[in-house]
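>>> Next comes the sequence, and after it the predicted model I'd like to discuss.
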Amino acid sequence: MKNVKRNVIVSAFMAIALCMSIVAGATFALFTSNSSVNIAITSGNVEVVATASNLVVYSPTSVNENGIVDATDASDGVKTFANGGTATLTGSELKLDNMTPGDKATFKITVKNKSTVAIKYRTVIEAQDEGLFAGLAINIGGKNTVGATEWQKLEANAEISDAEKACVIELPVTAGSEYRNKKCTLKFTVEAKQGNVEIPMEATRSALNDELTLNDIPLAKEGETRRLPVSVTMGDVGAADIAYSENNSGYTGKGVMLGSTKLNKYGTAPAGAGEYSFIFKDGTITSAVTGYTSIDDYENTSVYMLVPGNSNVTFENMTFNGVVSFDIQKYTAPWSNLNSITFKNCTFNGIIIGTCPASNVPFDGCVFNAYTNTISANNSNPIWWREDTEGSGNNANPIKTFTFVNNKVTGTRPVKIERIGHTVSPVFTIMNNTFDVSRQADDTVTKNMAINIGMGESPKLPFTLIDDGNVISSNTAALYTASLTGGSNWYKPLSGMKVVDGKGNAKTINAMVWKTATDETFELKSID
């Protein structure tokens, strides 16, 4: 047993000695081995090419009982309008000379994605020498277009070149003498950019009203709170009975419901501004009524939106018939409002009435056809909206921006926005519109002005007016009007008022006093 123990001790000392020799730097070899991976990296490119082709011109030959212009196709290669005007397409330059009312040119834009990645693209239309621009009707793919089209997805090495993308430039047969000897230059630019292409979530109206919940709407991007837009193709919808009530709020009467309590109900805190978006497109909404007594007495008019507070709502390529109000379940905590309500390329055969349901309101490329209130002809304003003054503090729902651009208005009373500026100073952008506002047969005072901006019975805050490129017909008494003696459409010059053109330069506008027999005028201008 002693010998065994001694051997173990000796072995331990030998191991220690060996370790010490390594530490001391004695000659000692280590096995090594290397392996590499080669990674090739190239950057992608974004390149889009747009070309114009297939030019065809039309000229009116007659107008049928529905006011539709019958056209003669001049696609035989002779691009000459019936009244002698010409259309010439050279490369990517199109010249339309001596157009007369009813002349129309169509052509096709081909967009080819030569990128190595998918892109999203849109067509941007810019105008110079805008005297004629306001009178033109321009559309792409059958949709009225001014400014920019919607972003669309195009895969790598793909192209869009079909009849649905046809462009139309028309001087409508209704164009008046104010467009004689006018000109404009249009620039069609196809913009492209790389990035995630945000495609809306499609839903039917029945699914929106019966099934859709907030959890069903996917995030637009991982890590964000913003959701994909919900897009609903409307078709033709007529007003029906609505009997919705929560805690003595809601709507009872005839109207069109959009959404449900699965999206917005009483006591629900509003979402973040723009967190949810809804697009209602390609259809017709017909009201149950064709007239109303006063802005304080109307019913059965509602387009009732049960969507989350602070949503962005867009109506695109829609037609509205009759008297309509746009409403939202606002009795939440705090009261909800829409962040924005946008009308793009819509047609109104009727009247918008009531309380404005949103903080930001763009009308872009819309047509307001002549319409008479069947109950009170005097109240035939294409729009008569009031800021929501029912709430205060956190419950206040002010109009922050009202943008009215590229629209065509025909009627007998002005577009009226009133009781503004209770808690914020709003910005009005009124640009590139045409107005034809005629007197009514029984008018004894002047009411046929185009725009009426009213500061309410007790004006508190100034507003900013950006005005440029608007055209009024000889029938229209003035572009702007307001009362100088009180009332809901009172104008009172306040310090901080700004009146500027589209480039931000101060300007003075000669406006007409509301309802005077002598056509008294006053100045709209910036005030220090």
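Nice, I can see it. Numbers count the residues shown, from 1 in each chain.
>>> Leu208 and Val230 touch, don't they?
Yes - in this structure, Leu208 sits in contact with Val230. The criterion is C-beta atoms under 8 Å, and the distance is 7.0 Å. Every residue, glycine included, has its C-beta placed from N, CA and C.
>>> Next, give phi and psi for the closest residue to Gly250 other than its chain neighbours.
Counting by C-beta to C-beta, 6 or more residues apart in numbering, Tyr244 is the residue found nearest to Gly250 once chain neighbours are left out, at 4.2 Å. As for Tyr244, its main-chain torsions (degrees, to the nearest 10) stand at phi -110, psi 130.
>>> Quickly note the distance from Tyr244 to Asn264.
In this view, Tyr244 and Asn264 are 11 Å apart by C-beta to C-beta, to the nearest Å.
>>> Please apply the same query to Glu150.
Here Glu150 is placed at a distance of 26 Å from Asn264 (C-beta to C-beta).
>>> Compare the two and say which one has the larger neighbour count.
Ranked by neighbour count (other C-beta atoms under 10 Å), Glu150 and Asn264 place Asn264 first, with 23 against 13.
>>> if I look at Tyr244 and Asn264, which residues touch both of them?
Overlap of the contact sets of Tyr244 and Asn264 (by C-beta atoms under 8 Å, 6 or more residues apart in numbering) consists of Leu306.
>>> Tell me which stretches of the stretch 151-300 of the chain form strands.
According to DSSP state E, counting those that start in this stretch, the stretch 151-300 of the chain carries its strands in the segments 152-154, 159-160, 166-170, 185-194, 201-202, 230-238, 240-246, 249-259, 277-286.
>>> Tell me what Leu306 is bridged to.
With DSSP bridges as the criterion, Leu306 is bridged to Gly259.
>>> Include mean pLDDT, distance to Ile41 and mean neighbour count when you put the strands of the stretch 151-300 of the chain into TSV, please.
Listed next are those as TSV, based on pLDDT from 0 to 100; distance: least, C-beta to C-beta, whole Å; neighbours: other C-beta atoms under 10 Å:
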stretch	mean pLDDT	distance to Ile41	mean neighbour count
strand 152-154	80	25	16
strand 159-160	80	28	16
strand 166-170	84	40	19
strand 185-194	79	17	14
strand 201-202	90	35	14
strand 230-238	96	38	17
strand 240-246	89	58	12
strand 249-259	92	48	19
strand 277-286	97	37	20
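>>> And those strands: which comes nearest Ile140?
Across the strands of the stretch 151-300 of the chain, Ile140 has its closest neighbour in strand 166-170 (5.2 Å, C-beta to C-beta).
>>> The closest one to strand 185-194, inter-axis angle?
150 degrees (axes from the mean of the first three to the mean of the last three C-alpha atoms, to 10 degrees).
>>> what sits up against strand 166-170?
Residues beyond strand 166-170 that count as contacts (C-beta under 8 Å, 6+ apart) turn out to be 54, 96, 103-109, 136-142, 186, 188.
>>> same deal with stretch 234-246?
Contacts of stretch 234-246 from elsewhere in the structure, counted by C-beta under 8 Å, 6+ apart, are 205, 250-257, 261, 265-266, 280-288, 300, 302, 304, 306, 318, 329, 331.
>>> Just the terminal-to-terminal distance for that stretch.
Start and end residues of stretch 234-246 are separated by 26 Å (C-alpha to C-alpha, to the nearest Å).
>>> okay, which residue is most central for this protein?
With distances taken as C-alpha atoms, centre = their mean, Thr342 lies nearest the centre of the chain, 4.3 Å away.
>>> Could you export the strands of the stretch 151-300 of the chain as TSV, including distance to Ile527?
Rendered in TSV, the data for the strands of the stretch 151-300 of the chain read as follows (distance: least, C-beta to C-beta, whole Å):
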stretch	distance to Ile527
strand 152-154	45
strand 159-160	50
strand 166-170	41
strand 185-194	36
strand 201-202	47
strand 230-238	44
strand 240-246	45
strand 249-259	40
strand 277-286	37
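>>> and of these, who's closest to Asn310?
Taking C-beta to C-beta, strand 277-286 is the member of the strands of the stretch 151-300 of the chain nearest to Asn310, at 10.5 Å.
>>> Can you check the distance spanned by stretch 258-273, start to finish?
The separation between the terminal residues of stretch 258-273, taken as C-alpha to C-alpha, is 19 Å.
>>> Enumerate the positions of that stretch that are buried.
Neighbour counts using 16 or more other C-beta atoms under 10 Å place Leu258, Gly259, Ser260, Lys262, Leu263, Asn264, Lys265, Tyr266, Thr268, Pro270, Ala271, Ala273 of stretch 258-273 among the buried residues.
>>> From the rest of the structure, what touches that stretch?
Residues external to stretch 258-273 that are found in contact with it (C-beta under 8 Å, 6+ apart): 205, 208-214, 225-226, 232, 244, 246-247, 249, 276, 278, 280, 303-311, 328-329, 331-334, 336-337, 339.
>>> now with 7 Å?
208-210, 212-214, 225, 246-247, 249, 280, 303-310, 329, 331-333, 336, 339 (C-beta atoms under 7 Å, 6 or more residues apart in numbering).
>>> List buried residues within those.
Taking 16+ other C-beta under 10 Å as the criterion, what is buried in the contacts of stretch 258-273 is 208-209, 212, 280, 303-310, 329, 331-332, 336, 339.
>>> Was I right to think Phe81 contacts Val56?
No - counting by C-beta atoms under 7 Å, no contact exists between Phe81 and Val56, whose distance comes to 11.6 Å.
>>> Comparing the two, which shows the higher neighbour count?
Neighbour comparison, Phe81 and Val56: the larger count goes to Phe81, with 24 against 18 (by other C-beta under 10 Å).
>>> Just list the residues touching the more buried one, thanks.
Applying C-beta under 7 Å, 6+ apart as the definition, the contact partners of Phe81 turn out to be Val57, Ser59, Met99, Thr100, Asp103.
>>> List the ones among those that fall in helices.
Here DSSP state H is the test, and the contacts of Phe81 give no hits in helices at all.
>>> Make CSV out of those residues and add pLDDT.
Conversion of the contacts of Phe81 to CSV gives the following (pLDDT from 0 to 100):
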residue, pLDDT
Val57, 80
Ser59, 78
Met99, 87
Thr100, 87
Asp103, 87
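>>> isn't Asn448 right next to Thr412, touching?
Yes - with contact defined as C-beta under 7 Å, Asn448 counts as touching Thr412 (5.9 Å).
>>> Which residue lies closest in space to Lys112, excluding its sequence neighbours?
Counting by C-beta to C-beta, 6+ apart, Glu159 is the residue found nearest to Lys112 once chain neighbours are left out, at 3.9 Å.
>>> Nearest to Leu219 among the buried residues of stretch 258-273?
Nearest to Leu219 out of these is Ala271 (C-beta to C-beta; 12.9 Å).
>>> ok, and the closest non-adjacent residue to Ala377?
Excluding the flanking residues, the one nearest Ala377 by C-beta to C-beta, 6+ apart is Gln440, at 6.2 Å.
>>> now Gly486
In space, Gly486 comes closest to Glu457 once its chain neighbours are excluded; the distance is 6.5 Å by C-beta to C-beta, 6+ apart.
>>> Same check on Glu198?
Residue nearest to Glu198 in three dimensions, not counting chain neighbours: Ala220, with 5.9 Å by C-beta to C-beta, 6+ apart.
>>> next one: Ala118
Leaving aside its sequence neighbours, Ala118 sits nearest to Glu155 (C-beta to C-beta, 6+ apart; 5.0 Å).
>>> Give me the neighbour count for the one you found.
Counted with other C-beta under 10 Å, Glu155 comes out at 12.
>>> Backbone dihedrals for it, please?
The main-chain torsion angles of Glu155 are listed as degrees, to the nearest 10 and equal phi -70, psi 160.
>>> what's the spacing between it and Ser376?
Noted for Glu155: a distance of 55 Å to Ser376, by C-beta to C-beta.
>>> what do you get for Ser340?
30 Å.
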